[in-house]
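Novice: return a 3D structure for these sequence lines:
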Amino acid sequence: MSEREQLSHPILIADRLWWVGHLVEDDSFQCHAYLLENGDESVLFDPGSLITWDETKRKIEEILPLSSISTVVVHHQDPDIVAALPEFVRASGRDDLRLVTHWRAAALLKHMALPMDLWNVDEHDWTMSVGGRDLRFIATPYLHFAGAFCTFDERTGTLMSSDLCGGFSDGDALFMESEEDIDGIEAFHEHYMPSREILMNGILELESLPLKRIAPQHGRIIPEEYISLVFTRLKNLDCGLFLLQTGTAGFEMMQIYSRIMKETM
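Specialist: Numbering: from 1, shown residues only. Below you'll find the model as predicted:
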C-alpha cells in the first residue's frame, strides 16, 4: 500500500490515539485532527474545517461511531479547527457533548451557539480524566492566540500541540523524517508567532514534559528523536517577521522570504 493510500485511513500514532485528518492536495498548510479512542468517552482534538470534515468523519467511523465521542478539545477558535463543529454535533446525536477550551476562546466560541457544554481548562486545574485516561493541559499564551494551550496525554507521552511546533509541509509524509523538515517549522513560527521571547517561554514550558512525540495541528508529527532539536531551533528563532513584510504573499513566498532573511541576517 502506498503512503497516499495509507493516509486514506486512520493512522495509529500511539496507544488508542489516532490521526484522523485529511491531506489536501497541493497545500503546504495541512491541518490535522486526532482521536483518542476511549469507548463512550472518546475524545476528538481540533475536529477541523468544512474542507476536511467529510474525510475526518469517514476515518473516525472506521474506528468507532461518532456517538462514542463525548468530548471535543478545541485549542483555539480558528476556522481550520472549529468550522466542522456544527456538522459534528448534528451527526453525533448526543445531548451531553462537552467542548473543552480556554475561557478566552470560549468567549468567542459561544457565538457559534452550539448545543455543547463549555468546559474551560483554566477552571478545572488544567487536568481532565476521561474513562481513566489522564489529560494535562499546558498553557502556551499568545502562541499564537492569547488563550492557546496544548494537551498532554500522560499515558503515551503525546503532546497535541495545536499551532505550536506546527509547520508548512510538502508531499505526503505525515511524520517528520529528517532535520530538513525543521525549515518548514521555522518558517511557520516566524510568520505566525508574535515574538522570540513569547515562543521561548512556551518551549521552556514544554521541555519539562516527558515527551515521546508531538502531534501538531499543522505540518508533520514529530517523533521523540527530533523533539530536542526542534526545541533548540525554535528557542533561537526570531519571530514576528511579517512586520517587516509589505504586500501579500502565499505560503511559498513566505518560506522564500524567511530563507532570504536568514541568509541576510
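Novice: CA atoms only: put the helix or strand containing Arg90 into CSV for me.
Specialist: Element membership for Arg90 (DSSP states H and E) is helix 85-92. This file holds the C-alpha atoms of helix 85-92, laid out as CSV (Å, rounded to 0.1, in the frame of the first residue of the first chain):
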residue,chain,number,x,y,z
LEU,A,85,-18.2,21.6,14.8
PRO,A,86,-21.8,22.1,13.7
GLU,A,87,-21.5,19.2,11.3
PHE,A,88,-20.1,17.0,14.1
VAL,A,89,-22.8,17.9,16.5
ARG,A,90,-25.6,17.2,14.0
ALA,A,91,-24.0,13.8,13.2
SER,A,92,-23.2,12.8,16.7
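Novice: give the buried residues for that helix.
Specialist: Buried residues in helix 85-92, counted by 16 or more other Cβ atoms under 10 Å: 85, 87-89, 91-92. Heads up, the C-betas are built off the backbone N, CA and C, glycines and all.
Novice: could you do stretch 163-178 as well?
Specialist: Result for stretch 163-178 [16+ other Cβ under 10 Å]: buried residues 163-169, 174, 176.
Novice: returning to that earlier point: relative to His218, which of the buried residues of helix 85-92 is nearest.
Specialist: Nearest to His218 among the buried residues of helix 85-92: Leu85, at 18.6 Å, using Cβ to Cβ.
Novice: distance-wise, check the closest residue to Ile198 other than its chain neighbours relative to Gly202.
Specialist: Sequence neighbours aside, Tyr142 is the residue nearest to Ile198 in space, at 5.0 Å (criterion: Cβ to Cβ, 6 or more residues apart in numbering). Note on Tyr142: its distance to Gly202, by Cβ to Cβ, to the nearest Å, is 8 Å.
Novice: more neighbours, those two?
Specialist: Gly202 (24 against 15; other Cβ atoms under 10 Å).
Novice: isn't that one up against Leu164?
Specialist: Yes - at 5.9 Å, Gly202 counts as touching Leu164 under the criterion of Cβ atoms under 8 Å.
Novice: now for these two: what residues contact both?
Specialist: Shared contacts of Gly202 and Leu164 (Cβ atoms under 8 Å, 6 or more residues apart in numbering): 140, 143.
Novice: so who does Pro216 touch?
Specialist: Pro216 touches 32, 160-167, 222, counting by Cβ under 8 Å, 6+ apart.
Novice: quick check: bridge partners of it?
Specialist: Ser162 (DSSP bridges).
Novice: which helices and strands sit right next to the helix holding Arg90?
Specialist: helix 53-63, strand 69-73 (3 or more Cβ pairs under 8 Å, 6 or more residues apart in numbering; DSSP states H and E).
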